[in-house]
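**Q** Let me see the structure of the following:
(chains A and B)
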Amino acid sequence: MNDRPLVINRRRGLSAKHREWIAGYLFVLPDALGLLIFLGLPMVLSFVIGFFEVDGFGAYTFAGFGNYARMIRDPFFWSAAKATALYALMLVPSLYVCGLGLALLIQKPGRFNAVIRAMFFAPHMVSLVVVALVWQFMVVDKIGVISRLLPKFGLPAISFLGDPSFALVAVVVVSVWFLMGFYMLIFLGGLQDIPAEFYEAAEIDGAGSIARFWYITLPLLKPTSFFVLLVSMVAAVAGAQAFDIIYVMTRGGPANSTSVLIVYIYQQAFSLGAFGYAAAMASTLILLLMLFTLLLFLFTRGGRFDHE
Amino acid sequence: MSNEFKGHDKRSRTDLSRRKILTNASAFAAAGLIGGVTGFPFINTMAVRAQDAPLKFWQFYAPGGQVPSQIAWFEKTVADWNASHPQKVELEFVPNSEYINGTKLATSFASGDGPDIFLISPGDFLRYYNGGVLQDLTPHIDAAAQADFPDSVLASRKVDGKIYGIPMEVEPMAMYYSVSAFEKAGLNENDVPKTWDELLELGKKLTTPERFGVLFETNPGYYQNFTWYPFLWQGGGAFQGADGKSAFDSPATVQALKFWQDAINLGVAPRQVLGYGANDVVANLGSGYAAMQNVGIWAISAMQNNAKDVPYGIFRLPTPANGKYVTVGGGWAFVANAKGKNPDAAAAFCAWALASMDQGSIDRVVNWCTVGKSDMPPRNSALKSGAEVYSKGGMGIFAKDIHPGTRAEPRLPPEVYKIISDAIQQTQLNGADPQATATAASQQIDAFLASYKGAPIL
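**A** As a prediction, this is how the structure comes out:
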């Protein structure tokens, strides 16, 4: 008699809860390993390399906080930080407004909605280098399609990519054009989650379209907004488009006006061979992004915005 | 009892196994991280290649590129070497954007897996020499061959009398102009400018709503610096004085910075160039975007291969009032990796290819400079062998009028290059005061030189 429960235990092995637990972790394992090997380990190595002078030919000299001290003294680091902040300040709200605007535009069923959605999303499917080259040609001084239009509207000639006053704005516009289709789809998903009954009830109560947007759409889009703000901020600071578009269109110029941190880090590492200094800046950037993400999570209760 | 024992054993093994997995995984991760953290300086010693593997020769002239004769030259050079030497060499193509300006060459050396043979320009010489990866090629070059290279050509590749790079070409800078643009403005070859002021005046005449009068490089980078140096030198400017301190804060620097700034402010030069930069003559002068372009001797070959029907002329760089004519001569050089698989064989290959008194070596240089590209040869014997090519057309103008005033591209540490690049960009495109910019840049150069310990700057 004493043996029976043990036999059952042996047949069952693990409880259903444990099996689920293991299955869950096994599903997560490939991604977790990938993240650990391809993101976690390089981040740790980069953080450590930040404490060394690295000549790029095998010599490592411990520098303590030397690279971080250099970063604080380096005026180009601060100008790159300023360019990054400006880029993010222009890009994140623009993506929010354009993404949400487009989603609202195509939200209701229509004959051409699928085509319009595809049109707005299409830029996101094109290589960033191609996007940058095409735009570069469109805005080139004097003969670019856009440059030719300005005089026809009585506007003075502008060198969009050659004038430090306009270059950053120009790359923000191209970045928005490239990314807005992606955020449109995210907002569209969020909008479709809002029950239609809310709008019907509001309409019966006499609420206009602005009131419905303000009191129903926007509050119920908070989790989506959280996601968009978080992802677009990361994209603005360290996204592929922040590097590729700028590197192809301006190489950080003119006069460092588009030299955002990610471009400056690249230049320090690969053009100047200052790998240790570049690693220190990259680590600082990652820490700042993690801090921003943490604060955003804390203030929004993980994006749920719920109250006690 | 036996079942109980089995059950207990099973449970124990399950628990142990799970714990073991977690423990082992943690240990593995920790070991990986600690190994990564503590062992990272030694990662670059891990690259291992078979002893009989061919030497890797990295270059950026692509098969199917704009000028087929260039890759054909590389392929023939390697095939000829492989036919007569036991240590084989293998060509590897690295796109230009991934080469000096990209990540591939830099990261290959950082990981201890750099190519055995590769190409560098004087602008990169100090970075690689100071990094200890350039092999001394002198033992493989006999005295007669060394004497065949003019001092001015070899100087930027030498340290303490030893040769670390063998130039394959000399590429002087000049001005090219569109004949049709000149004709439309009622001008001809007699109107080519001699001074900076004349160039700007002519630029105004040639500027139209759809075309710029003159074009200088606007993209920041090594190439922009390279193209600006002659304008600095023409007024007697220098980077470093005899006392070892910065000489950048000088009237010559200020007027050279102001010259490029004036070209932009007058609206005769663009803020943005077409194609892959101002070294792309076809995309700029060839397309009609600019009537005159500051570009090097290689543009002859580029126009011949890609814009045959566009008539153009060449004239030497104008000078400032009371200035002295001088241009800059760049060019790539073969170098061998001192930390490669077989540095001695790699060095022997470089010398055999470009610096032997053997007629095959001389012919190879002539072929590269006259068929592969349109360049001035770095060797006296090659100039003599190719005399016919250098007696007519655009090459004749370079040989007779432009090349005699050539000064070798300087070799500067990357940090100094960056300071100068920022000074050019700030004045040319951001309206900064040339005098204040030169002074600030000079102070930065001095700060750098105070702790610089590498090979001499030239």
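
**Q** show me what contacts the residue lying closest to B:F315 once chain neighbours are set aside?
**A** Setting aside the residues directly before and after it, B:F315 is nearest to B:V192 in space (C-beta to C-beta, 6 or more residues apart in numbering or on different chains), at 4.0 Å. Quick note: C-beta positions are derived from backbone N, CA and C, even for glycine. Shown in contact with B:V192 (C-beta atoms under 8 Å, 6 or more residues apart in numbering or on different chains): B:M175, B:Y177, B:G313, B:F315.

**Q** Distance of the second one relative to chain A?
**A** If I follow you right, that is B:Y177. Using C-beta to the nearest C-beta, to the nearest Å, we find B:Y177 at a distance of 18 Å from chain A.

**Q** for that residue, which residues make a bridge with it?
**A** When assigned by DSSP bridges, B:Y177 has beta-bridge partners B:M292, B:G313.

**Q** Which of the contacts of B:V192 are buried? Put it as a ChimeraX command.
**A** Restricted to buried positions by 16 or more other C-beta atoms under 10 Å in any protein chain shown, the ChimeraX selection for the contacts of B:V192 reads:
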select /B:175,177,313,315
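
**Q** got the contacts of B:V192 as JSON lines, with pLDDT and distance to B:L449 columns?
**A** JSON lines is the format used below for these (pLDDT from 0 to 100; distance: C-beta to C-beta, whole Å):
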{"residue": "B:M175", "pLDDT": "98", "distance to B:L449": "33"}
{"residue": "B:Y177", "pLDDT": "98", "distance to B:L449": "39"}
{"residue": "B:G313", "pLDDT": "97", "distance to B:L449": "42"}
{"residue": "B:F315", "pLDDT": "98", "distance to B:L449": "37"}
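
**Q** Test my guess that B:Q426 contacts B:A432.
**A** Yes. Using C-beta atoms under 8 Å, B:Q426 is in contact with B:A432, at 3.9 Å.

**Q** of those two, who's got more company?
**A** B:Q426 (23 against 19; other C-beta atoms under 10 Å in any protein chain shown).

**Q** Can you check the pLDDT for the more buried one?
**A** On pLDDT, B:Q426 comes in at 97.

**Q** For it, give me its contacts.
**A** B:Q426 neighbours (C-beta under 8 Å, 6+ apart): A:A255, B:A432, B:T437.

**Q** what residues are up against the second one?
**A** It stands for B:A432. Listed by C-beta under 8 Å, 6+ apart, the contact set of B:A432 reads A:A255, B:Q426.

**Q** Kindly confirm my reading that it is in a helix.
**A** No. With DSSP: H, G, I helix; E, B strand; the rest coil as the criterion, B:A432 is located in coil rather than a helix.

**Q** Is there a neighbour count for the nearest residue to B:A348 once chain neighbours are set aside? I'd like the number.
**A** In space, and not counting its chain neighbours, B:A348 is closest to B:H140: 5.1 Å by C-beta to C-beta, 6+ apart. Using other C-beta under 10 Å as the criterion, B:H140 is surrounded by 22 other residues.

**Q** Surely B:H140 is in contact with B:P343?
**A** No. B:H140 lies out of contact with B:P343 (C-beta under 8 Å); the separation is 10.9 Å.

**Q** on that earlier part again, want to try TSV for the contacts of B:Q426, with pLDDT and distance to B:F248 as columns?
**A** Putting the contacts of B:Q426 into TSV (pLDDT from 0 to 100; distance: C-beta to C-beta, whole Å) gives the following:
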residue	pLDDT	distance to B:F248
A:A255	95	18
B:A432	97	15
B:T437	98	10
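
**Q** how about those in CSV, adding distance to A:G208?
**A** Output for the contacts of B:Q426, formatted as CSV (distance: C-beta to C-beta, whole Å):
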residue, distance to A:G208
A:A255, 49
B:A432, 53
B:T437, 58
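
**Q** Which one of the residues in chain A is closest to chain B?
**A** As assessed by C-beta to the nearest C-beta, chain B sits closest to A:G162 within chain A, at 2.3 Å.

**Q** ok, back up a step: please name the residues that touch the residue nearest to B:A348.
**A** Neighbouring residues of B:H140 by C-beta under 8 Å, 6+ apart: B:A347, B:A348, B:C350, B:A351, B:W352, B:A355.

**Q** Which one of those is nearest to chain A?
**A** B:A347 (17.9 Å).

**Q** That closest one: neighbour count?
**A** 29.

**Q** Quick check: it is in a strand.
**A** No. If the criterion is three-state DSSP, then B:A347 is helix and not within a strand.

**Q** For it, which non-adjacent residue is closest in space?
**A** Distance criterion C-beta to C-beta, 6+ apart; nearest residue to B:A347, sequence neighbours excluded, is B:A336 at 4.3 Å.
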